[in-house]
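Engineer: Provide a 3D model corresponding to the input given below.
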Amino acid sequence: MPPDRPRAAEAPVRFRETVGLVGFGRFGRALAELFSRSGRGVRAYDPKAAVPEPWRTASPAELAAAADVLVLAVPVPAVKTALRQLLPALGSDHLVIDVSSVKKRPMEAMRELLGERIAWAATHPLFGPSSLALGERPLRVVVCPRRPGDEAARRARRLYESAGCEVVEQDADEHDRLMARSHALAFFVAKGLLDIGAGEGLPFSPPSFQAMARTIEAVRSDASHLFLAIENENPYAAEARQALLDAMSRVHAHLETAGAAGGEEDAALHIPDLGAQAPELRETRELIDELDRELLSLLARRAELARRARSIKAEHGRGVRDPVREQELLARRRAWAGELGLSPEAVADIFAAVLRFSREVQSG
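Structural biologist: Numbering: from 1, shown residues only. Predicted coordinates for the structure are as follows:
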């Protein structure tokens, strides 16, 4: 089925359902904090990780008894084992969801072990611990219904939307195809660039490589087992990798031929530009729009950090406003503006507005 449009989440409220995390690694912990902030009760089980006392359970059975929704936050090869441990304690009221980056193997395991007796849904949060820590928005999640009117998928959708996520519904097989041509290729290219030391020790680099460097940084922030899952558990990843390698080999061969021919133009080496319908003004405006969208994304991330600061201030009995901190911040921004050739006072006015926005966020 084609993906539908993401729905804007409603304002979080306190829910009766408790979420139980099977696995408390970096992503399990991040999900626990996300659901806790949305007003849901949280419990977790992981014999190898330090789970905070209020959330800790001693066994899969205790976790199932305490939670309504069980989230399998474990590597793909461990999904089946986690399900077997939970199965004796599961009832008809439970919902089990996975959060794997690929869908084929987790769905096969849930179909085999849970069948129609226990409600289950396949999901893929398109964000990681770093995204949550940096306050990046929007937080998108793919939910893969098994059939039209899949109530388990609807329940999973409501769970994520209540945590402030945008949900897209997608056929599981098509999900894996799309991930093979995007997620898997991004990790594959980043791994190759890392292995050859691309960009290391450079005193400068062009914008084209800086974009690649950000991709490498994003990949390095994820656990190594995710790379293996993305590449080896996705049934379409090998085909996508081979297509890329074949294309790069052809480009390499054409470059060698072009060099031998004295630099004559080769149509196979043509890189399409933005098109004849993209004059300079339109292109510039589009770039400005992109930058404004990035600024808004950064503002949303700053708001998330402001909310976190509010919680910390409340724990220490401090008020929202800190005039000394604000003056120091504005002075530092003026200095930064001068270094960049911008008007210090104009930039100070902008950040004064940002501070007002942050105070409103913290007071809300």
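Engineer: contacting residues for the closest residue to residue 180 other than its chain neighbours?
Structural biologist: Spatially, and ignoring its direct neighbours in sequence, residue 180 is nearest to residue 236 (3.7 Å; Cβ to Cβ, 6 or more residues apart in numbering). C-beta: built from backbone N, CA, C; applies to glycine. Counting by Cβ atoms under 8 Å, 6 or more residues apart in numbering, residue 236 makes contact with 176-177, 179-181, 184.
Engineer: Dump those residues to CSV, plus neighbour count.
Structural biologist: Formatted as CSV, these follow (neighbours: other Cβ atoms under 10 Å):
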residue, neighbour count
176, 26
177, 18
179, 24
180, 23
181, 16
184, 28
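Engineer: Present those as CSV; the columns should include pLDDT, secondary structure and distance to residue 268.
Structural biologist: Formatted as CSV, those follow (pLDDT from 0 to 100; DSSP: H, G, I helix; E, B strand; the rest coil; distance: Cβ to Cβ, whole Å):
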residue, pLDDT, secondary structure, distance to residue 268
176, 97, helix, 31
177, 97, helix, 26
179, 97, helix, 29
180, 97, helix, 25
181, 97, helix, 21
184, 96, helix, 25
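Engineer: mind checking the longest helix of the chain?
Structural biologist: If you go by DSSP state H, the chain has its longest helix at helix 280-315.
Engineer: counting contacts, what elements does whichever helix or strand comes after that helix pack onto?
Structural biologist: As assigned by DSSP states H and E, the chain's next helix or strand after helix 280-315 is helix 323-339. Helices and strands touching helix 323-339, by 3 or more Cβ pairs under 8 Å, 6 or more residues apart in numbering; DSSP states H and E, are helix 344-363.
Engineer: got the angle between the helix it packs on and helix 323-339?
Structural biologist: Per axes from the mean of the first three to the mean of the last three Cα atoms, to 10 degrees, the angle that helix 344-363 makes with helix 323-339 is 140 degrees.
Engineer: Could you number the chain from 47 rather than 1 from now on?
Structural biologist: Shifting the count to begin at 47 puts that one at helix 390-409.
Engineer: packing partners for helix 390-409?
Structural biologist: helix 326-361, helix 369-385.
Engineer: closest one to residue 174 among those?
Structural biologist: Of all the helices and strands packed on helix 390-409, helix 326-361 sits nearest to residue 174, with 14.4 Å by Cβ to Cβ.
Engineer: Any buried residues in the closest one, and which?
Structural biologist: Residues of helix 326-361 classed as buried by neighbour count (16 or more other Cβ atoms under 10 Å): 345, 347-350, 352, 355-356.
Engineer: Tell me the one among these nearest to residue 312.
Structural biologist: residue 347 (43.9 Å).
Engineer: if I look at that closest one, how far off is residue 375?
Structural biologist: 17 Å (Cβ to Cβ, to the nearest Å).
Engineer: just for the stretch 197-346 of the chain, where's the confidence low?
Structural biologist: 268-271, 305-310, 319-326 (pLDDT under 70).
Engineer: quick one, strands of it?
Structural biologist: 212-215 (DSSP state E, counting those that start in this stretch).
Engineer: Quick one: neighbours of residue 99, just the number.
Structural biologist: 6 (other Cβ atoms under 10 Å).
Engineer: and it, backbone torsions?
Structural biologist: phi -50, psi -40 (degrees, to the nearest 10).
Engineer: Who are the contact partners of the residue nearest the centre of the chain?
Structural biologist: For the chain, residue 173 is the residue whose C-alpha lies nearest the centre (Cα atoms, centre = their mean; 1.1 Å). By Cβ under 8 Å, 6+ apart, the contact set of residue 173 is 182, 185-186.
Engineer: One more pass at 6 Å, please.
Structural biologist: The contact partners of residue 173, taken as Cβ atoms under 6 Å, 6 or more residues apart in numbering, are residue 185.
Engineer: For it, give me the pLDDT.
Structural biologist: For residue 173, the pLDDT comes out at 92.
Engineer: any idea how far it is from residue 147?
Structural biologist: On the measure of Cβ to Cβ, residue 173 and residue 147 end up 11 Å apart.
Engineer: what sits in contact with each of those two?
Structural biologist: With Cβ under 6 Å, 6+ apart, residue 173 and residue 147 have no common neighbours.
Engineer: on that earlier part again, give me the distance between the residue nearest to the centre of the chain and residue 267.
Structural biologist: 11 Å.
Engineer: Which strands border the top strand by length along the chain, and is each parallel or antiparallel?
Structural biologist: In the chain, taking DSSP state E as the definition, the longest strand is strand 165-171. Sheet pairing of strand 165-171 (DSSP bridges) gives strand 141-144 (parallel), strand 186-190 (antiparallel).
Engineer: chain center to the longest helix of the chain: distance?
Structural biologist: 16 Å (Cα atoms, centre = their mean, to the nearest Å).
Engineer: which strands and helices sit next to it?
Structural biologist: helix 390-409 (3 or more Cβ pairs under 6 Å, 6 or more residues apart in numbering; DSSP states H and E).
Engineer: what number of residues lie near the closest residue to residue 172 other than its chain neighbours?
Structural biologist: Of all residues not flanking residue 172 in the chain, residue 186 sits nearest, at 4.5 Å (Cβ to Cβ, 6+ apart). By the criterion of other Cβ under 10 Å, residue 186 has 16 neighbours.
Engineer: from what I can see residue 186 touches residue 213, true?
Structural biologist: No: in this structure residue 186 lies outside contact range of residue 213 using Cβ atoms under 6 Å: 7.5 Å.
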